[in-house]
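Peer 1: Pasting the sequence and the predicted coordinates here, then a few questions.
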Amino acid sequence: MSDCLFCGIAAGAIPSRQIWADDRALAFLDINPWHRGHALVIPRRHTADGTDATAWADVAEGLAAVARLVQDKLGATGVNLLSNAGASAGQEVFHFHVHVIPRYDANPGMGGLMRRDPAAADDLDGLAAQLAA
């Protein structure tokens, strides 16, 4: 879709801080992260949301890879995987995507998930290089 932000990122027409990719999906850092290392995994093909079961198959390997990356390279001790389907659920970009949100012992549990870390967006370029290496 020519007007889809994430289709543009998948095509390489819109820059992103990509940290993982294969032929079916790619992952890049969220520009407005909740926690340090917050990434999005998207399928390369356009699918509006996760109600299309085949879209989950496209991103499954990427979800596992990015979860391992943030644990191995950033010291995260867990991750939340989150996807919103529809505007009333909070979906803002209507191309299926799954948030991989690294979690750390200093801010555990669901209550800590929704509090943004103000330093999480510091040095996204350096963070992308660290994760993509």
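Peer 2: Good, I have the coordinates.

Peer 1: contacts and neighbour counts: CA atoms only from here.
Peer 2: Noted.

Peer 1: Would you mind finding the longest helix in the protein?
Peer 2: helix 53-74 (DSSP state H).

Peer 1: what sits up against the helix or strand just after it?
Peer 2: Note on helix 53-74: by DSSP states H and E, the next helix or strand toward the C-terminus is strand 78-82. Taking contacts as C-alpha atoms under 8 Å, 6 or more residues apart in numbering, the residues outside strand 78-82 that touch it are 67, 71, 98-104.

Peer 1: which ones are touching the residue nearest the centre of the chain?
Peer 2: The geometric centre of the chain, computed from its C-alpha atoms, lies nearest to residue 40 (C-alpha atoms, centre = their mean), at 1.4 Å. Going by C-alpha under 8 Å, 6+ apart, residue 40 touches 27-30, 97-100.

Peer 1: if we go to 10 Å?
Peer 2: 18-19, 26-31, 33, 62-63, 66, 81-83, 96-101 (C-alpha atoms under 10 Å, 6 or more residues apart in numbering).
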